[in-house]
Structure formats: structure tokens, C-alpha cells
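1. pasting the sequence and the predicted coordinates here, then a few questions.
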Amino acid sequence: MTFTLKNGMIYDGTGASPVQGNVVIEGDRIVAVGPDASASGTVIDVEGRAVAPGFIDMHSHCDLVNMSDPQLAPKLMQGVTLELLGQDGLSEAPIKESDVPLWRRHLSGLNGDPELPWDWRTFGEYLDRCEGAATNVAAMVGHGTVRLHAMGMDNRAPTDKELERMGQLVNESIRQGAIGFSTGLIYSPCVYSDTEEMISIGEIVASHGSFMVYHMRYEGEEILKGMEEVFRIARESGAACHISHFKARGKLAFGLSEDMIGAVEQARGQGLDITADQYPYTAGSTMLAALLPPWAHAEGIDQLNHWLRDSRVKDAMRRDMMEGREDWESNVIATGYDNIRISGVKTEENAWCVGKSLEEIAEQWGIEPFEATIRLLLDEDHEVSMILFAMDEDDVRNLIVQPWLMHCSDGLMGGTPHPRTYGTFPRVLGHYSRDEGLMPLESAVHKMTGLSAWRLGLPDRGVLKAGNFADVTVFDPNTVIDRATYDNPTVHPDGIEQVIVNGVHAVRDGKATGEFAGRVLRRQDRAPGTR
């Protein structure tokens, strides 16, 4: 099919000023762009609208939902045409059959646990199962997953043989299409690694011209220490490094954004390839079990559940959560129980907890918040997610304009989610770019399209030019805005009118068409480049 988006304001994804013109699409490709492009085929008048590349969500948790609910409406309806899976070191592959029950439960608070057969073992087999969603997907191989495969959940350094096996798994996964490597240095079993382990894996990633994505070990008052670890890994391994959901987390870290920006600029000035992404909100979201100290997860969920019933071990957990550890930053210290809200549970019995803080739940149960946390984890077999109000708006604003920073939702898909699951990209375009005037619209579009595609090493995505794949989002720059709130988070945004995935309308006139034209984008055999 051939059609033309006529007379729109073209934001081509490079950061260039917009021009009025046509975008001509034939099959799955763009064949002409600009004021001189002659209309062809069916003509769709988009005068007064912005025509941009489809948005790229640089941090998505749709790893299983893309199979159980391939419409992916929360993302599609905000203009997303590509999602990056395998985040926080917690990918779904490669995995041994014997590890599936443990890993499903371990990840359930983050990625959910829809009723799907985990019938893949290699990374390539997992990618094959991801075909057929409404959006494109790309996926990273996770540090925790290969660590589980090689040495279980052990809280120790790997032997030489185990480290070699981890490297083999990373190498095989990238060869099978993993677009990068991720780690989550607050999540077990990634948290049990040291910097030398990361450097060793980074050398393998660098040999493929790929990149490493970090949930850093420290994001609070010690964030500069966490960043220095990333810079050291980049320096000694040669791998490009990308920092997930870049933020200053917790009251003790408020105001550190200027120092964080300065540290990135200094590292980049020294020749390191460092980038980052950010969600445009002052609250984060993850699985409730992340409140527990790392050592508690070291022997798997069954042992953890045993410990959660042991008063002596619980006392040690409570102490670490309330006082902190030198090697771990406590979310409870950073936010307080009153700023931690439950966003999803597994059972109907505890559905009333969703939307309430741990402090409120504890009051209802007549117990202290720590005990409420333990009770929820046991009642729900750890399939519990939370929202943490932990960032300062001035820090969000300082970071969002940085030219090396991209945008992401980091949105969990179950329960009553964080509003970022439904509103991230319209919020950047409408609130921060148009209403607050923090950056020109062309810069915002570039950071969520062309810059992100460059980071992923996808030269034929993210920019509107002849020959590129036809992933396109059409929006009204005057009305685009997020409508999802913390109290009512499942509301689609305004102003997203058309979303085209590989030349097929996935959204037309603001409504999903039911087309599933997305593809799995495997790593291309070329380096992402430098910037």
C-alpha cells in the first residue's frame, strides 16, 4: 500500500527545525520526505499536525505482556513504536528449564506473570516468541539471567569457569539478536557482582560494538559513587554505557543533579561513550521485594519466604532497611513508608491495598509498616509492585534537557500502574517542551527518536528519511498532553492521532486499529557509533 501524510510539520528526528511537507510511505518504507516530495497513493491531510518518527521507549517492562496482550495499548496510544526489553539485568532468556519456576516468581513483581508457557530456552528462541505485537520490540540480555544460568542465586563472586560461562551466554545471546546487555546492580543476583565481573562482561559486549545498560548500584546520596563505577567499567572494558532512569533518588540526594550532569560531561570529555534515559516524573516504580536488603534474596524465593517468617532474620532485615548498609541504599530511608504506594497485587483479597501507602495499609492491619511489607510479600507470593515518591522536580527539570539524555517510561504493566505507563511521551512533548518551554519540540522529538535509535544501533529507524522503515507518529502539538495521574493512571493521552508501524496504521484518528505489524528488531552487525 502507498499513502502520503500531506502538509504536516515534519520533525524528522535529527533535531533539525521542522519543515512543512509530505511523508510518502510505500509498503513498510518511507520513500520520500519534505516540501518537494510528491504525494502518491492515498492522501491523508495532516496540516497543522506534527509528523515525527515513532517514539522509542528506552526502558520497557513488556517482556511477557507483549505475548499475553500484544496490542500494548498503553504504549501504542502514546505514540510508541519500539520498546526496549530485558531491563535491569532481568531478562527472560537465556534460561534453563529447571530455573523457570524460580525466575517466573522472582520477576513477577516487575514484569508480571501472565499465563504463558515459558517454552524458550535460548535468547533467539525468546525473540521468536516476541513476534507479532502491535509495536516493534528489541531486547537486551540480562546480567542476572546469565548469572542465574551459570551459578544460581549465590551471593559470591563467580569462579573462573562460571565467569567464562556467563561470557559465553552473553556472546551467544548477542549473536542471536540481543541488542545490548543490561544489569540491575540493586537486584539479585546482579547485586552480588563486583566491578571486575562487570568489566569482564563489558569486554565481550564491546567486541560486538554493542552497549551496556545500568540500573546503577547507587542512585541516592552516593550516586556519584555509582556513576564512577559505570565510568570505570566503560574505561576498562571499552563498552559504551547507558544509565537507566537517571535520577537523584531520595531526600538526601535532592539537588545533586548539577553534580551528576557535570560528572557525565567530564566522562564524555575524556572520550567515554556515556548516555542515559529518564522518565519525566518525581516518583519511581518497581517490585516491592526491592525494599529488602540484597542478602535476603540470595537463596531464592522459597528460602526468602522461610526467612520472612523467622523473627531473628526479620530483625536483621528491619535493621538494614531502617539504618542502611555501606554497600546498599535503602529505599525506606530514601522515601519513608508513607511515600511508598502499592500499585499492583496478585490476589483479590488484597486488592484494596492498591493505591494505598504501606503506612496506610499497616494502620488498617494494626501492625507496623515493615510487617505490612512482609505480609504482602507472603500473601502475594512476591507478585507486588510499588510506586515510590522519591525525586525532586528541579532535578527532573535539570536532567530532562541534557543532549545525551533520552526518554523512557519504565512502566510496569499490571495492576494500577504508575502514570508513566500511559503518559510518558505526551508529558515530555506537552508539559515540559510546550508548556514549560524547557526545550524546543524538535529537541524533545530527537531525544525520543533519532538519538534513541542511534544508541540502539538501528540506522534505519528513528529518522524520517527515504529508505528508512515507516514508523511514524502524528500528533497535535497544540493539544498533546498526558492525562494519566497517580490516582487515575490508566487514561490515554490527548493529541496522539496516528501511529504507523512498519507502514501499517496501528492507530488511526486516535483509535487503535487492531493491526499487529510490529517486528522483533535483532541487533545489526555494526557498531552503534560514537557521539
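-> Ah, there it is. Bear in mind the structure is a predicted one, so any value in this text is a computation, not a measurement. Numbers count the residues shown, from 1 in each chain.
2. make it CA atoms for all contacts and neighbour counts henceforth
-> Fine.
3. do I have it right that G255 meets R397?
-> No: the pair G255 and R397 fails to qualify as a contact (Cα atoms under 8 Å) at a distance of 11.2 Å.
4. can you list phi and psi of the nearest residue to N331 once chain neighbours are set aside for me?
-> Spatial nearest neighbour of N331, chain neighbours left out: L291 (5.9 Å); criterion: Cα to Cα, 6 or more residues apart in numbering. The main-chain torsion angles of L291 are listed as degrees, to the nearest 10 and equal phi -70, psi -20.
5. so where is the stretch 1-150 of the chain shaky, pLDDT-wise?
-> Low-confidence segments of the stretch 1-150 of the chain, defined by pLDDT under 70: none present.
6. ditto for the stretch 401-531 of the chain
-> Low-confidence segments of the stretch 401-531 of the chain (pLDDT under 70): 525-531.
7. now do the strands in it.
-> Counting by DSSP state E, counting those that start in this stretch, the segments of the stretch 401-531 of the chain that form strands are 405-407, 472-475, 496-501, 504-508, 511-512.
8. output the third one as CSV, restricted to C-alpha atoms.
-> Once side chains and other backbone atoms are set aside, the C-alpha atoms of strand 496-501 remain, and they are given as CSV (Å, rounded to 0.1, in the frame of the first residue of the first chain):
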residue,chain,number,x,y,z
ILE,A,496,-1.8,11.4,19.5
GLU,A,497,-3.7,10.9,16.3
GLN,A,498,-1.9,8.4,14.1
VAL,A,499,0.7,5.8,14.8
ILE,A,500,2.2,3.9,11.9
VAL,A,501,4.3,0.8,12.5
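9. mind listing what that strand pairs with, with the direction of each?
-> Here strand 496-501 has these sheet partners by DSSP bridges: strand 472-475 (antiparallel), strand 504-508 (antiparallel).
10. then the shortest one?
-> Take DSSP bridges as the rule and strand 511-512 pairs in its sheet with strand 504-508 (antiparallel).
11. in the partner strand, what's buried?
-> Within strand 504-508, the residues that qualify as buried by neighbour count (16 or more other Cα atoms under 10 Å) are 504-507.
12. sorry, back to before: G462: which of the strands paired with strand 496-501 is closest?
-> Between G462 and these, the shortest separation by Cα to Cα is 8.8 Å, and it involves strand 472-475.
13. JSON lines for the strands of the stretch 401-531 of the chain, including distance to R312?
-> Putting the strands of the stretch 401-531 of the chain into JSON lines (distance: least, Cα to Cα, whole Å) gives the following:
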{"stretch": "strand 405-407", "distance to R312": "43"}
{"stretch": "strand 472-475", "distance to R312": "55"}
{"stretch": "strand 496-501", "distance to R312": "54"}
{"stretch": "strand 504-508", "distance to R312": "55"}
{"stretch": "strand 511-512", "distance to R312": "53"}
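14. G15 is nearest to which of those?
-> Distances from G15 to each of those were compared by Cα to Cα, and the smallest falls on strand 405-407, at 12.8 Å.
15. now do the contacts for the most centrally placed residue in the chain.
-> Per Cα atoms, centre = their mean, the C-alpha nearest to the average position across the chain is that of H59, at 1.6 Å. The neighbours of H59, taking Cα atoms under 8 Å, 6 or more residues apart in numbering as the test, are 83-85, 87, 244-245, 408-411.
16. can you map out the strands along the stretch 151-300 of the chain?
-> Taking DSSP E, counting those that start in this stretch as the criterion, the stretch 151-300 of the chain carries its strands at 180-184, 211-215, 240-243, 274-278, 283-287.
17. tell me which of these sits most buried.
-> With neighbours defined as mean count of other Cα atoms under 10 Å, these peak in mean count at strand 180-184, which reaches a mean of 28.
18. please, which helix or strand holds the residue lying closest to S257 once chain neighbours are set aside?
-> Distances taken as Cα to Cα, 6+ apart put D395 closest to S257, at 5.3 Å, once the chain neighbours are dropped. Secondary structure assignment for D395, by DSSP states H and E: helix 393-400.
19. coming back round to it: which of the buried residues of strand 504-508 sit farthest apart?
-> Using Cα to Cα, those span at most 8.9 Å, a distance reached by V504 and V507.
20. part of a helix, is A32?
-> No: secondary structure of A32, determined by DSSP: H, G, I helix; E, B strand; the rest coil: strand, with no helix assignment.
21. what's the neighbour count on the nearest residue to V170 once chain neighbours are set aside?
-> Excluding the flanking residues, the one nearest V170 by Cα to Cα, 6+ apart is V141, at 6.8 Å. Per other Cα atoms under 10 Å, the neighbour tally for V141 reads 32.
22. before we move on, what about D460?
-> Neighbour count of D460, defined by other Cα under 10 Å: 18.
23. also D315?
-> Neighbour count of D315, defined by other Cα under 10 Å: 12.
24. quick check: which element contains it?
-> Assigned by DSSP H and E, D315 falls in helix 311-323.
25. now that helix: average pLDDT?
-> Averaged across helix 311-323, pLDDT comes to 96.
26. that helix packs against which elements?
-> For helix 311-323, the packing partners by 3 or more Cα pairs under 8 Å, 6 or more residues apart in numbering; DSSP states H and E come out as helix 331-335.
27. average pLDDT across the helix it packs on?
-> Here the mean pLDDT over helix 331-335 is 96, rounded to a whole number.
28. touching the helix or strand following it from outside, list them.
-> Using DSSP H and E, the next helix or strand after helix 331-335 towards the C-terminus is strand 340-344. Applying Cα under 8 Å, 6+ apart, the external contacts of strand 340-344 come out as 288, 351, 353-358, 383-389, 414-418.
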